[in-house]
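1. I'll drop the sequence and a predicted model, then ask my questions.
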Amino acid sequence: MNSPMGTIIAHGGTPPWLPREVAEGRKFAWWAQIMFFLMAFIWFVIAIASIVLYVAGSAGRGTLLVGVFGIFAMLICFLAAVFLKRTVIDAIDQGRFHDAKNDSIVWIIFGLVGFVLPALFMILTYAKLGDSLAAQAPLGYQPYAAGTVQVQQPAPYMAPPAPVQPPAPVQQASQAGQQHHGHQTQMVRCKNCNVQYPMFMHSCPNCGAPKE
């Protein structure tokens, strides 16, 4: 049974099946979560110290404002650490690399509240996930625009003119043409967004859902 801390703090180990770039990105995301928790603690100390100094009469309103901002910054860093695990690290462990990459942008912005350190680790995570997704796509392939289903059909097969021969050779030529026509790129339809994409890809280029 998982402990309560296990549902909040991600495990430091990476699944062995992850691609190298994704595994490195997960490590950076894990360090970003640790930095978020650390920055939340630092902001908590700053907030308490500032409020105590103001209450004791040793500081002015500026110190009180720092304390109030410290409380909000502490909450932002703590919640960012919790939801970072759910939206990025857990998504990576489940193979949803596209979703993890998109959600990394949100935590890059919130990481600026944590003295920039979490943001730096999330930038590295975003870069590693981007490299991995680019390596999975075939050379020259462009993903479909969101909400559209456009599939490039292969050029129609033009059967050669039938020679003036008995019916049997003509039938054989027709069968050969049908076999040649069957050699086209096999496509698979994504069950999440209904986009078709080549079967040799591991995940949908449109929404990032893994191929079933």
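-> Okay, I see it.

2. can you give me the helices for this structure?
-> For the chain, applying DSSP state H gives helices covering 20-55, 61-84, 90-93, 97-111, 117-136, 167-182.

3. what mean pLDDT does the first one have?
-> Over the span of helix 20-55, the pLDDT mean works out to 96.

4. may I see the helices of the chain arranged in JSON lines, with distance to Gly13 as well?
-> To be clear about C-beta, it is placed using only N, CA and C from the backbone, and glycine gets the same treatment. Output for the helices of the chain, formatted as JSON lines (distance: least, C-beta to C-beta, whole Å):
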{"stretch": "helix 20-55", "distance to Gly13": "9"}
{"stretch": "helix 61-84", "distance to Gly13": "17"}
{"stretch": "helix 90-93", "distance to Gly13": "10"}
{"stretch": "helix 97-111", "distance to Gly13": "17"}
{"stretch": "helix 117-136", "distance to Gly13": "16"}
{"stretch": "helix 167-182", "distance to Gly13": "46"}
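
5. out of those helices, flag the one nearest His202.
-> With respect to His202, and counting by C-beta to C-beta, the nearest of these is helix 117-136 at 5.6 Å.

6. show me which residues of that closest one are buried.
-> With burial defined by 16 or more other C-beta atoms under 10 Å, the residues of helix 117-136 counted as buried are 117-129, 132-133.

7. and if you look at stretch 95-114?
-> Buried residues in stretch 95-114, counted by 16+ other C-beta under 10 Å: 95-104, 107-108, 110-111, 113-114.

8. quick one: contacts of it?
-> Contact with stretch 95-114 is made by 22, 25, 29, 32, 35-36, 39-40, 73, 76-77, 80, 84, 87-89, 91-92, 117-123, 125-126, 129-130, 132-133, 203-204, 207-210, as judged by C-beta atoms under 8 Å, 6 or more residues apart in numbering.

9. what residue ranges in the protein score low on pLDDT?
-> 1-6, 137-157, 159, 161-185, 205 (pLDDT under 70).

10. need the contact list for Phe41.
-> Met74.

11. likewise for the one 5 residues further on?
-> Contact partners of Ile46, counting by C-beta under 8 Å, 6+ apart, are 66-67, 70.

12. what is the burial count for Leu38?
-> 16 (other C-beta atoms under 10 Å).

13. typo on my end, it should be Val45
-> 11.

14. separation between it and Val116?
-> 18 Å (C-beta to C-beta, to the nearest Å).

15. do Asp103 as well
-> 19 Å.

16. cool, and Glu21?
-> 24 Å.

17. between these two, point out the one with more neighbours.
-> Taking neighbours as other C-beta under 10 Å, Glu21 and Val116 compare with Glu21 leading, 18 against 11.

18. still on that earlier bit, of the buried residues of stretch 95-114, closest to Met158?
-> The closest of those, once distances to Met158 are taken by C-beta to C-beta, is His98, at 38.9 Å.

19. thinking again about what came up before, which of the buried residues of stretch 95-114 sits closest to Gly62?
-> Closest approach to Gly62 among the buried residues of stretch 95-114 (C-beta to C-beta): Val113, at 19.3 Å.

20. still on that earlier bit, for Lys191, find the nearest of the helices of the chain.
-> Set against Lys191 and scored by C-beta to C-beta, the helices of the chain come closest in helix 97-111, at 15.0 Å.
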